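Asks: here is a sequence with its predicted model. Questions after.
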Amino acid sequence: MELKQALEQLDALERKRFAFGAADGSIYLDGVTVAPRDTSAWRGVAMSVLAGESHKLITAPETGELLDFLWERKEELDGKCRRRVELLRRERSQLERIPTEEYMEYAALTNEASDVWHRAKETSDFELFRPVLEKLVAFNIKFAGYYDSSKKPYDALLNEYERGVTMEYLDRFFGTVRERLVPVIHAIGEKEQIDDSFLHLHYPVEAQRKFSDYLMEVLGLDRAHCTIGETEHPFTLNFSSGDVRITTNYTEDSLADSMYSVIHEGGHARYELNVDPDMDYTCLAGGVSMGVHESQSRFYENLIGRSEPFIRAIFPKVQGFFPQQLGSVTAEQFYRAVNRAEPSLIRTEADELTYCLHVMVRYEIEKQLIGGTLAVKDVPGEWNRLYKEYLGVDVPDDKHGCLQDSHWSGGSFGYFPSYALGSAYGAQMLRNMEAEMDVWGDVARGDLSRVSGWLKEKVHKYGRLLEPGEIVKNACGEFDPTVYTDYLTEKYSKLYHL
């Protein structure tokens, strides 16, 4: 075989895998947005078959021969092509340890679990979800051994979302966050609370939809390449650098929920839309890791979206969408309200200061579930105990407790710590960005183009060309979580006059 022929075969392989992924993503998107309620069975069959075909393709002997042939000639390949071969060989080495029938069974299970989770959350019935969650936990423990049997199971799963991260690393990280932020949270508890009552008036969904369109415009999201849908638990799905879908959820008595959901998911979309188009249809497309991805969503949501310059820039428009509710509210009052800090029940609605404590609850439970020291049946009790210990709140029911997130129904064990890491990465990116440009002058004018341009150059355009640690170093320098805790301490000390 000649090198040119091998490269043509590589392109054909990747395009076929892209097609399987696009089909799977389309079915998933339909299932959690507009599909009729009782239609999950057919999707499960389709997704199982697609997963099986994709698995057979990457683990086929001829694929191994092609990748080995190219790797032996890696010095003749350009950087992008060499990286493609490296990542595909890494993925193949993992997947070939997983029997195809198990891989297909797991795809069908996650489809079923998503449907069961939606119904269980609606009725606040953990017992309805428990049997599928037990299967998901068992599968993930087994798959962790396939991924890397030299690691502890949960470390192997963490590595799938943020390569190089371990429980030991996260224990130190969360220890720093807890030590530095809990005293601030306690100090705020002694202060008069910020009034945010006007955020909880009646906000018609149709007006919120129009407001979402405006926010997407501010974020620079081209509607010809990025649409917005509605679902129970917001997410972003990318098909290519020119086709990204975000979703949100509207609550008529809480304006900030959908507002910051759109900005958060818009940050994910901004990342995907800025990946070098040359990487489309290859394994280099898309974000490099969930920690880096969450750094972008949390950057736009909190560091920009909850900043005073941003609020002052958009507030006249906000009032225009909701004149009855906000006509007598000032930009200063709105800024303070969307930054109110108070321990709460729901992670996605949590304030910037207490957010990491929500993540820590999930991290501790996942460590125990995958480590075999917590039975699935005991999850609600442990969840409620940790919420009382970490946040001082009582959980009234499973809907507002252990059923609030969709991640476990999708098998995403090891994902949650990415939110906290991403928040910390983002704070350090902001510090470096401020050293190079007038961030807040731009934001005060409602112009995020240079902010997005900086992130594109430091993070977005690389896709998966570099390892996560290289991207973090490129944008943050040497990672230091105290930059994040210092940022929050300074911001909330000023807000609450500590």
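Replies: Good, I have the coordinates. Because the structure is a prediction, the values reported are computed rather than measured.
Asks: what helix or strand is the closest residue to residue 407 other than its chain neighbours located in?
Replies: Computed as C-beta to C-beta, 6 or more residues apart in numbering, the closest residue to residue 407 that is not its neighbour in sequence is residue 415, at 5.4 Å. Where you see a C-beta, it was placed from the backbone N, CA and C, and this is true even at glycine. Assigned by DSSP states H and E, residue 415 belongs to no helix or strand.
Asks: quick one: the strands in the protein?
Replies: 226-230, 236-240, 243-248 (DSSP state E).
Asks: OK, contacts around residue 321?
Replies: If you count contacts by C-beta atoms under 8 Å, 6 or more residues apart in numbering, residue 321 has them with 207, 210-211, 214.
Asks: export these to CSV and tack on neighbour count?
Replies: Putting the contacts of residue 321 into CSV (neighbours: other C-beta atoms under 10 Å) gives the following:
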residue, neighbour count
207, 17
210, 11
211, 22
214, 15
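Asks: of those residues, closest to residue 220?
Replies: Nearest to residue 220 out of these is residue 214 (C-beta to C-beta; 12.4 Å).
Asks: surely the closest one touches residue 322?
Replies: No. Counting by C-beta atoms under 8 Å, residue 214 does not reach residue 322; the two are 11.6 Å apart.
Asks: circling back to that earlier point, any idea which of the strands of the chain is most buried?
Replies: Mean neighbour count (mean count of other C-beta atoms under 10 Å) peaks for strand 243-248 among those, with a mean of 23.
Asks: ok so, going back, surely the residue nearest to residue 407 and residue 161 touch.
Replies: Yes. Judged on C-beta under 8 Å, residue 415 makes contact with residue 161 at a distance of 5.2 Å.
Asks: tell me, what's touching those two both at once?
Replies: By the contact definition C-beta under 8 Å, 6+ apart, residue 415 and residue 161 are jointly contacted by residue 290.
Asks: look up the pLDDT of residue 44 for me, please.
Replies: pLDDT, residue 44: 89.
Asks: look up how far residue 417 lies from the one residue sitting closest to the centre of the chain.
Replies: Nearest to the mean C-alpha position of the chain, by C-alpha atoms, centre = their mean, lies residue 294 at 5.0 Å. Distance of residue 294 to residue 417, computed by C-beta to C-beta, to the nearest Å: 9 Å.
Asks: same check, this time on residue 496
Replies: Remark: distance between residue 496 and residue 417 (C-beta to C-beta) = 28 Å.
Asks: more neighbours: those two, which one.
Replies: residue 417 (27 against 21; other C-beta atoms under 10 Å).
Asks: which residues touch the more buried one?
Replies: Contacts of residue 417 (C-beta under 8 Å, 6+ apart): 158, 161-162, 165, 170, 291, 359, 363.
Asks: which of the residues you listed has the most neighbours?
Replies: residue 158 (30 neighbours).
Asks: tell me who's in contact with that one.
Replies: Residue 158 makes contact with 165-167, 170, 414, 417, according to C-beta under 8 Å, 6+ apart.
Asks: turn those residues into CSV, columns for distance to residue 374 and pLDDT.
Replies: Shown next, in CSV, are those (distance: C-beta to C-beta, whole Å; pLDDT from 0 to 100):
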residue, distance to residue 374, pLDDT
165, 21, 94
166, 19, 96
167, 15, 98
170, 17, 97
414, 15, 96
417, 17, 96
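Asks: wait, which of the residues you listed is closest to residue 235?
Replies: So of the contacts of residue 158, ranked by how close each gets to residue 235 (C-beta to C-beta), first place is residue 414, at 16.9 Å.
Asks: sorry, back to before: between the contacts of residue 417, which is nearest residue 327?
Replies: residue 359 (36.8 Å).
Asks: and the closest one, how far is that from residue 434?
Replies: For residue 359, the distance to residue 434 - C-beta to C-beta - is 26 Å.
Asks: what do you get for residue 470?
Replies: Applying C-beta to C-beta to residue 470 and residue 434 gives a distance of 22 Å.
Asks: show the pLDDT at the nearest residue in space to residue 18 that is not next to it in sequence.
Replies: In this structure, residue 18 finds its nearest non-sequential neighbour in residue 281, 4.6 Å apart by C-beta to C-beta, 6+ apart. As predicted, residue 281 sits at a pLDDT of 97.
Asks: and residue 281, what is it in contact with?
Replies: Neighbouring residues of residue 281 by C-beta under 8 Å, 6+ apart: 11, 14-15, 18, 240.
Asks: now do it against residue 69, distance only.
Replies: From residue 281 to residue 69 the distance is 21 Å (C-beta to C-beta).
Asks: same question, residue 455
Replies: Note on residue 455: its distance to residue 69, by C-beta to C-beta, is 37 Å.
Asks: look at these two and report which has more neighbours.
Replies: When residue 455 and residue 69 are compared for neighbours, residue 455 comes out ahead with 24 against 16, by other C-beta under 10 Å.
Asks: can I assume that one is in contact with residue 270?
Replies: Yes. The pair residue 455 / residue 270 is scored as a contact, 7.5 Å apart, by C-beta under 8 Å.
Asks: mutual contacts of those two, please.
Replies: By C-beta under 8 Å, 6+ apart, the residues touching both residue 455 and residue 270 are residue 296.
Asks: pull the longest helix from the protein.
Replies: Criterion DSSP state H: the longest helix present in the chain is helix 3-33.
Asks: quick one: it to strand 236-240, angle?
Replies: 150 degrees (axes from the mean of the first three to the mean of the last three C-alpha atoms, to 10 degrees).
Asks: pLDDT of helix 3-33, averaged?
Replies: The pLDDT scores in helix 3-33 average 96.
Asks: what does stretch 72-87 give?
Replies: Stretch 72-87 carries an average pLDDT of 97.
Asks: alpha carbons only: can I get that stretch in PDB?
Replies: Output of stretch 72-87 as PDB, limited to C-alpha atoms (Å, rounded to 0.1, in the frame of the first residue of the first chain):
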ATOM      1  CA  GLU A  72       5.000   3.400  11.200                       C
ATOM      2  CA  ARG A  73       5.200   6.300   8.700                       C
ATOM      3  CA  LYS A  74       4.200   9.000  11.200                       C
ATOM      4  CA  GLU A  75       7.300  11.100  10.400                       C
ATOM      5  CA  GLU A  76       6.000  11.500   6.800                       C
ATOM      6  CA  LEU A  77       2.600  12.800   8.000                       C
ATOM      7  CA  ASP A  78       1.800  16.400   8.800                       C
ATOM      8  CA  GLY A  79       0.900  17.300  12.400                       C
ATOM      9  CA  LYS A  80      -2.900  17.100  12.100                       C
ATOM     10  CA  CYS A  81      -2.800  13.700  10.300                       C
ATOM     11  CA  ARG A  82      -0.300  12.300  12.800                       C
ATOM     12  CA  ARG A  83      -2.600  13.400  15.700                       C
ATOM     13  CA  ARG A  84      -5.600  11.800  14.000                       C
ATOM     14  CA  VAL A  85      -3.800   8.500  13.800                       C
ATOM     15  CA  GLU A  86      -2.600   8.800  17.400                       C
ATOM     16  CA  LEU A  87      -6.100   9.400  18.700                       C
END
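Asks: out of the strands of the chain, which is closest to residue 107?
Replies: Comparison of the strands of the chain against residue 107 by C-beta to C-beta identifies strand 236-240 as nearest, at 16.3 Å.
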